[in-house]
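> Fold the following, please.
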Amino acid sequence: MGPVSAIDGRLLRTHFSRHADDYDRYAAVQKRVVSRLVAQLAGSGPLTGLVLDVGTGTGALARELGSRHPDCRFVLSDLAHGMTRAARQHLPGALACDGDARALPFAAGCFRTVVSSSVYQWVDDLPAAFREIRRVLQPGGRFVVALFGRDTLFELRDAHRRATAECGSAHPSHVQEFPAAQEVASALEESGLPPGEFASFREVEWHRDVPDLLRQLKQIGASNAAADRPKGLASRQVMQRMMALYEERHRTPAGIPATYEVVCALATKTP
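The predicted structure follows:
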């Protein structure tokens, strides 16, 4: 893998648990990604048996799939207890438990399908995590996944790096790094789940200004969880310069764009 930021799992769990009640109001891009995954599954054959939703969040993906496939049984799992609880409330007929994508708390070969949306960008060892998916899948079972790739929020990342350099900060820029599409494909291959379908595309969200974007990221729990982030708040000087650079380079009549690179894959476990 490339230089994806090491993740502080404790901090990640805290961020998302704290914002479980706000998530559905602010996660517009994540909702569009869910719709994309549901369409991808619809074109790959019927959904049957026991389905695991890894990093379920508030259960949006399982809810959409359940409405289309009422005979399926769902297991909902998330690292953040607040999210697991919220998903369980939305799908009272599903089973739910807290679980880490890097060490799934399930027996081998117990799921016909595993799905996941907007989660694995927070996992810093993708080959190991995908091996866990292969372990819990039945032979012939499918894994359908979408995650955010390296170009996600490139406008914010570039502006912060330039601001940090210009202001002579003692700390390098610590904006979260996500995996490149090719790293995701390689991790699937390495784990024994070569993707039969693989694509990356961009979603753009528009904001009034940079503080509006930062508030939305905070409201869904997507704050920086890099293990090597500097302690304390970024300096006011760096933040002000970052916002000015973002505005100078990306402002349009429609507002400022926030670009998300979405990486999607569908893989089948061969015997």
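> going forward, measure contacts and count neighbours with C-alpha atoms only.
Fine.
> Can you list the residue ranges for helices in the stretch 1-150 of the chain?
Here the stretch 1-150 of the chain has its helices, by DSSP state H, counting those that start in this stretch, at 9-18, 23-26, 28-42, 60-68, 81-90, 126-136.
> so where is this structure shaky, pLDDT-wise?
1-22, 169-175, 221-234 (pLDDT under 70).
> if we go to 80?
Along the chain, the parts satisfying pLDDT under 80 run over 1-26, 45, 168-176, 220-234, 271.
> For stretch 245-260, C-alpha coordinates in CSV please.
Provided in CSV are the C-alpha atoms of stretch 245-260 (Å, rounded to 0.1, in the frame of the first residue of the first chain):
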residue,chain,number,x,y,z
LEU,A,245,-6.3,29.7,-1.0
TYR,A,246,-9.3,27.4,-1.4
GLU,A,247,-11.5,30.4,-2.3
GLU,A,248,-8.9,31.8,-4.7
ARG,A,249,-8.4,28.6,-6.6
HIS,A,250,-11.9,27.0,-6.6
ARG,A,251,-14.6,29.7,-6.1
THR,A,252,-17.3,29.6,-8.8
PRO,A,253,-20.7,31.4,-9.1
ALA,A,254,-22.2,28.2,-7.7
GLY,A,255,-20.0,28.2,-4.6
ILE,A,256,-17.0,26.1,-3.8
PRO,A,257,-16.7,22.5,-4.9
ALA,A,258,-15.8,19.5,-2.7
THR,A,259,-14.8,16.6,-4.9
TYR,A,260,-15.1,13.0,-3.8
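> Now do the same contact list for the residue sitting furthest away from the middle of the chain.
Residue farthest from the centre of the chain, counting by C-alpha atoms, centre = their mean, is residue 168 at 32.0 Å. By C-alpha atoms under 8 Å, 6 or more residues apart in numbering, the contact set of residue 168 is empty.
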